[in-house]
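J.: Prediction below, plus the sequence it came from.
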Amino acid sequence: MVIDATERLASVGYDPIQEVTCFSCSVPLPTPLLVGHATVTRRHYDLVRLRTASGLEGVAYAFGRGLPITRIVEDALTPLLIGADSSLPELIRRHLSASHWPYAERGLFSVAASAVDL
């Protein structure tokens, strides 16, 4: 009987992230909201779904306020997430932070990284 590397890793709990999808959506508010000098009429969200090789899925959302969270997830984070061991989220977060260290803990990058921190 021949066991390939993927089966061997799966037997010890390795379940790599196989797919990352991200969607932006805009939801109209029933009543406009006054925030300082701005009137907010819509809420903007970015939904992120991660799927592992075993079929396990995780879904999260980010409150993106119309900013390019989806693009950051797709362009900057997805290449680093594919193949990562889903059972080690703290290692994934460190890898994402180290790969984008100038932005890792502030601004939009932080919002996008939080959305994939399942």
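T.: Received, thanks.
J.: Pull out the buried residues from the strand ranked longest in the chain.
T.: Among the segments of the chain that qualify as a strand by DSSP state E, the longest is strand 17-35. Judged by neighbour count using 16 or more other Cβ atoms under 10 Å, the buried positions of strand 17-35 are Ile17, Gln18, Val20, Cys22, Ser24. (Glycine included, C-beta is placed from N, CA and C.)
J.: Including distance to Ala113 and pLDDT, could those residues go into TSV?
T.: Listed next are the buried residues of strand 17-35 as TSV, based on distance: Cβ to Cβ, whole Å; pLDDT from 0 to 100:
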residue	distance to Ala113	pLDDT
Ile17	14	95
Gln18	19	96
Val20	13	95
Cys22	13	93
Ser24	17	92
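J.: Can you name the two of the residues you listed that sit furthest apart?
T.: Gln18 and Ser24 (22.2 Å; Cβ to Cβ).
J.: hmm, back to that, return the distance of the longest strand of the chain from the chain's centre.
T.: Centre-to-centre, strand 17-35 and its host chain are 14 Å apart (Cα atoms, centre = their mean, to the nearest Å).
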